[in-house]
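[1] the following block contains a protein sequence and its predicted model.
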Amino acid sequence: MIEIKPLTRIEWEDLEQVMPGYTSTEKYAVAKTETPQRTVITIEQVALDKPYLRRWDYRAESDIDYLQQILREGLSLGAYNGDDLAGLAIAERHDWHRTLWIWEFGVAPAYRRQGLGMRLMSALAAKAAGAGLRIMVAETQNTNAPAIRFYRAAGFEIDALDLSYYTNHDVDGGEVAIFMKRKL
């Protein structure tokens, strides 16, 4: 039986095991047209000619000390099958706008498609609401259609984009940051 409980410690290996990356057969194409009078940004789901494969290098992209600091707030959760970490949600409270920022969220490949992600997200939402927060925010990439579908099924909606969050050329061919929000 998988138990969801506070996540109190995280290691590089945990991130690599639970969230190795993703594969997507579609993406959300982002386009921007701008004139002095009008700016139009569109997001359209499109099929890819070949699957998009993204693997994470957590040792290069994450600061484990910062994540450990976030865990001390007590709002992060782990899903455990005995001692095996099956899923995690690392989330940080932002008091000035009563927001729970979800920095990392994932379910290990062996535990996917069993409802664990929804259980974990529901527990996180209950924890956030109990802490007096009003909204949860998660950032993902326009190339990560499976994550966008999951967040939508969990009650999130696309609320914002950042067209230069990762590089100065995100729209032209890179990944565009999509911010998903769920009101509590």
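    Now that the structure is in, tell me what you want to look at. Residues are numbered from 1 along each chain as shown.

[2] only C-alpha atoms from now on, for both contacts and neighbour counts.
    OK.

[3] mind checking how far residue 157 is from residue 102?
    In this structure, residue 157 lies at 14 Å from residue 102, with C-alpha to C-alpha, to the nearest Å as the measure.

[4] worst-scoring helix or strand of this protein, pLDDT-wise?
    Using mean pLDDT, DSSP states H and E, helix 58-61 stands out as the lowest-scoring helix or strand of the chain, at a mean of 72.

[5] any regions of this structure where pLDDT drops low?
    With pLDDT under 70 as the threshold, the chain has low-confidence stretches at 60-62.

[6] tell me where it has strands.
    Listed in chain order, the strands of the chain (DSSP state E) span 3-6, 21-34, 39-55, 77-81, 84-94, 99-107, 135-141, 157-162, 177-183.

[7] out of those strands, nearest to residue 67?
    Minimum separation from residue 67 across the strands of the chain (C-alpha to C-alpha) falls at strand 84-94, 7.5 Å.

[8] just grab the bridge partners of residue 44 for me.
    In this structure, residue 44 has the following beta-bridge partners (DSSP bridges): residue 29.

[9] hmm, it is touching residue 142, no?
    No - proximity of residue 44 to residue 142 does not meet the contact threshold set by C-alpha atoms under 8 Å, at 9.7 Å.

[10] between the two, what contacts are shared?
    A shared contact of residue 44 and residue 142, defined by C-alpha atoms under 8 Å, 6 or more residues apart in numbering, is any residue touching both; here these are 28-30.

[11] wait, residue 71 sits on residue 93?
    No - judged on C-alpha under 8 Å, residue 71 makes no contact with residue 93 at a distance of 10.5 Å.

[12] what comes up buried for the longest helix along the chain?
    Residue-count comparison of every helix in the chain, with assignments taken from DSSP state H, identifies helix 116-130 as the longest. Residues of helix 116-130 classed as buried by neighbour count (16 or more other C-alpha atoms under 10 Å): 116-117, 120-121, 123-125, 127-129.
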